[in-house]
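Undergrad: sequence first, then the predicted structure, then my questions.
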Amino acid sequence: MRVLGSFLSEAALVVDPVMVSTSGDVLAGPSILSSFREELLPMADIITPNIKEASALLGGMPLETVADMRSAAKALHAIGPRNVLVKGGDLPDSLDAIDIFFDGKDCHELRSSRIKTRNTHGTGCTLASCIAAELAKGSSMLSAVKVAKHYVETVLEYSKDIFIGNGRQGPFDHLLRLKNGIHNSHRQGTFNPSNLFLYAVTDSQMNKKWGRPMVDAIEAAIEGGATIVQLREKDAETREFLEMAKACVGICRSYGVPLLINDRVDVALACDADGVHVGQSDMPARIARTLLGPEKIIGVSCKTPEQAQQAWIDGADYIGCGGVYPTNTKANNPTLGLDGLKAVCLASKLPVVAIGGINASNAGSVMETGVSNLKGVAVVSALFDRESVLAETRNLHAILMEAASQVK
Ligand SMILES: Cc1ncc(COP(=O)(O)OP(=O)(O)O)c(N)n1
Ligand SMILES: Cc1nc(C(=O)O)sc1CCOP(=O)(O)O
C-alpha cells in the first residue's frame, strides 16, 4: 500500500491501494482488505486503484469494459473516498489507456494513447505522487489527475526505449525531460492525437472557385468526418483573417472539432482558437507555447528528424510531415516520399500527421506504412478543390478507416 499525503492549506490524502502490481504480482492479501475498506478508504481524498485492485476491493467484481469501470468507480466511492480514479491500463482489447474519474457527481473518461513499453515499473506510484504534488500546488482534483496522467504518459513515452535490467518490467526515467530542459510537464494534455486522423487544411481560393463560403466548406468537411481543421489563409489581411477565424471557431466548436490557425499566433489568441500550426520559418514553437499557454494545441511542420526532435523539446503537441508526394498547393515544396516520412516518424516523440499530395488514391498507402505514431493525413485540395467537400471527406474517411484496420 502506498499512502501519499501532501499539505498546503489542508491535508490531502492520496491512496494508491497497491494490492496487485502492473506486472500481476499480488502484493497484499485478503486479510488487509477489510482494514482498507473500513478504515483507510473513507479517509482518502482520492484512491487510485488499477482494475485488479478495484475488483479486489469490490469482492471480485469482474471489470472488463469501460462501463464496468464506471460502475466500479461509483461502488468504490460509496465506500467513502471523496474521489476515485480507476486506472484502465489493463483493460482488455483497448487501444487507448482509459481511466475513469468519479467525484461523487460526474464521471469523466480520461483517455491517452497506449504506449507500448516494458518500462512501466513505478507508474502507479508516480501517478499518485504527482496527484498529491498538484493538490499541494492548489489544483482542483480533476486538474491534478489530468496533469498527473499527462506526466506519466510523457515520461512513459520518453523512456519507452531505455534498456535497463533483466526483469519483466523496466523502470521509467522521470528526469529525462528535466535533463533536456523541458519544464512543461504541468500541461493539461488537452490534445488527443486521434484528432489527427483526417486533418482538413482550408484554402480560400479553392473554395471561392467552387462558390462556397468558408464556413460551409468547413461544416461539410466536419460532417464528412474531418477530425481537426486548420484555417490557412496566405493572402488575407489581418482583420479579414480574424473575422473569418471567429466564424470558423464558432462552427468547429459547435461540432467539438478543434480549429487551429496557420502561422498566426496573434489571430489564434484573438479568436480563442484551439491552437496554431507553425512552420520552420514562423514563430518558434517554444515562444508560441509561452504566448498560448499550456492548454492550446501547437503543431510544427517538420521535414527532418532533427526538426522533429526540436519540436518535442519546444513543447509542441504534434508534427506535420511532408510533402509526402508532390503537390500544387504549396509552391517549391520538397518531396520526402514514404521513406522520408517514415524516418521522421521514427525520430519523433510526438504524434505525426502526413501532408502533401495526399488524396483518395494514395491515403491508404500512407496509413499502411504502419509506423505507430503516424496518426493521420492532412489534406487541402483532396477536399477543398472538389465539387462536393462532404462526399470527398466521407470517401477519404472510409479509406483511412479501412487502412487503419489493416495496420492494427
Ligand atoms: C498539418 C500541417 N503540416 C504542415 C503544414 C505546412 O506548414 P508551413 O510549413 O508553415 O507552411 P504553410 O502552411 O504556412 O505554407 C501545415 N500547414 N499543416
Ligand atoms: C500546406 C502544406 N504543407 C506541406 C508540407 O509539406 O509541409 S504540403 C502542403 C500542401 C498540401 O496540400 P495538398 O493536400 O493539396 O497537396
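TA: Arrived safely. Numbers count the residues shown, from 1 in each chain. Ligands and ions are numbered 1, 2, ... in the order given.
Undergrad: run through the strands of the stretch 101-250 of the chain in chain order.
TA: Taking DSSP state E, counting those that start in this stretch as the criterion, the stretch 101-250 of the chain carries its strands at 107-113, 198-201, 228-231.
Undergrad: ok, and the closest non-adjacent residue to the most centrally placed residue in the chain?
TA: Closest to where the C-alpha atoms of the chain average out (CA atoms, centre = their mean) is N192, at 2.9 Å. When the adjacent residues along the chain are set aside, N192 lies closest to R111, with 6.7 Å between them (CB to CB, 6 or more residues apart in numbering). Where you see a C-beta, it was placed from the backbone N, CA and C, and this is true even at glycine.
Undergrad: and what of T329?
TA: Nearest one to T329, counting by CB to CB, 6+ apart, is V380 at 4.7 Å.
Undergrad: what secondary structure does V276 sit in?
TA: strand (DSSP: H, G, I helix; E, B strand; the rest coil).
Undergrad: do I have it right that it meets P258?
TA: No - under the criterion of CB atoms under 8 Å, V276 is not in contact with P258, lying 11.2 Å apart.
Undergrad: of the two, who's got more company?
TA: For V276 versus P258, the count of surrounding residues by other CB atoms under 10 Å is larger for V276: 29 against 22.
Undergrad: is stretch 288-297 anywhere near ligand 1?
TA: No - judged by CB under 6 Å from any ligand atom, stretch 288-297 stays clear of ligand 1, getting no closer than 11.2 Å.
Undergrad: gap between that stretch and the chain center?
TA: Centroid separation for stretch 288-297 versus its chain: 15 Å, with CA atoms, centre = their mean, to the nearest Å.
Undergrad: okay, buried residues for that stretch please.
TA: Residues 288-289, 292, 294, 296-297 are the ones in stretch 288-297 that count as buried (16 or more other CB atoms under 10 Å).
Undergrad: what does the average pLDDT come to for that stretch?
TA: For stretch 288-297, the mean per-residue pLDDT is 92.
Undergrad: gap between the two ends of it?
TA: End-to-end span of stretch 288-297 (CA to CA, to the nearest Å): 10 Å.
Undergrad: which outside residues touch that stretch?
TA: 184, 186-188, 190-191, 258, 260, 265, 268-269, 273-276, 278, 283, 298, 314-318 (CB atoms under 8 Å, 6 or more residues apart in numbering).
Undergrad: swap the cut-off to 6 Å and go again
TA: Applying CB atoms under 6 Å, 6 or more residues apart in numbering, the contact partners of stretch 288-297 are 187-188, 190-191, 265, 274-276, 278, 298, 315, 317.
Undergrad: quick one: buried ones out of the residues you listed?
TA: Buried subset of the contacts of stretch 288-297 (neighbour count, 16+ other CB under 10 Å): 187, 191, 265, 274-276, 278, 298, 315, 317.
Undergrad: in TSV, list those along with distance to ligand 2.
TA: TSV is the format used below for these (distance: CB to the nearest ligand atom, whole Å):
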residue	distance to ligand 2
R187	25
F191	19
V265	17
D274	18
G275	16
V276	14
V278	11
I298	15
G315	20
D317	17
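Undergrad: among the residues you listed, show me the least confident.
TA: R187 (50).
Undergrad: contacts only, for G299.
TA: Per CB under 6 Å, 6+ apart, neighbours of G299: 277, 318, 320.
Undergrad: sorry, back to before: from the contacts of stretch 288-297, which two are the most distant?
TA: Farthest pair in the contacts of stretch 288-297 (CB to CB) is Q188 and V278. Separation: 20.3 Å.
Undergrad: any idea which of the buried residues of stretch 288-297 is the one closest to E153?
TA: Using CB to CB, P294 comes nearest to E153 of these, at 14.6 Å.
Undergrad: list phi and psi for that closest one.
TA: Note on P294: its backbone torsions stand at phi -70, psi -20 [degrees, to the nearest 10].
Undergrad: angles on the backbone of whichever residue of the stretch 301-408 of the chain sits closest to ligand 1, please.
TA: At 2.1 Å from ligand 1, G320 is the closest residue in the stretch 301-408 of the chain, using CB to the nearest ligand atom. The phi/psi pair for G320 (degrees, to the nearest 10) reads phi -100, psi 130.
Undergrad: and if you look at the one 3 residues further on?
TA: Recorded main-chain torsions at G323 are phi -80, psi 130, according to degrees, to the nearest 10.
Undergrad: can you pull the contacts of the residue nearest to it when sequence neighbours are not counted?
TA: Nearest non-adjacent residue to G323, counting by CB to CB, 6+ apart: G356, 2.5 Å away. By CB under 6 Å, 6+ apart, the contact set of G356 is 322-325, 327.
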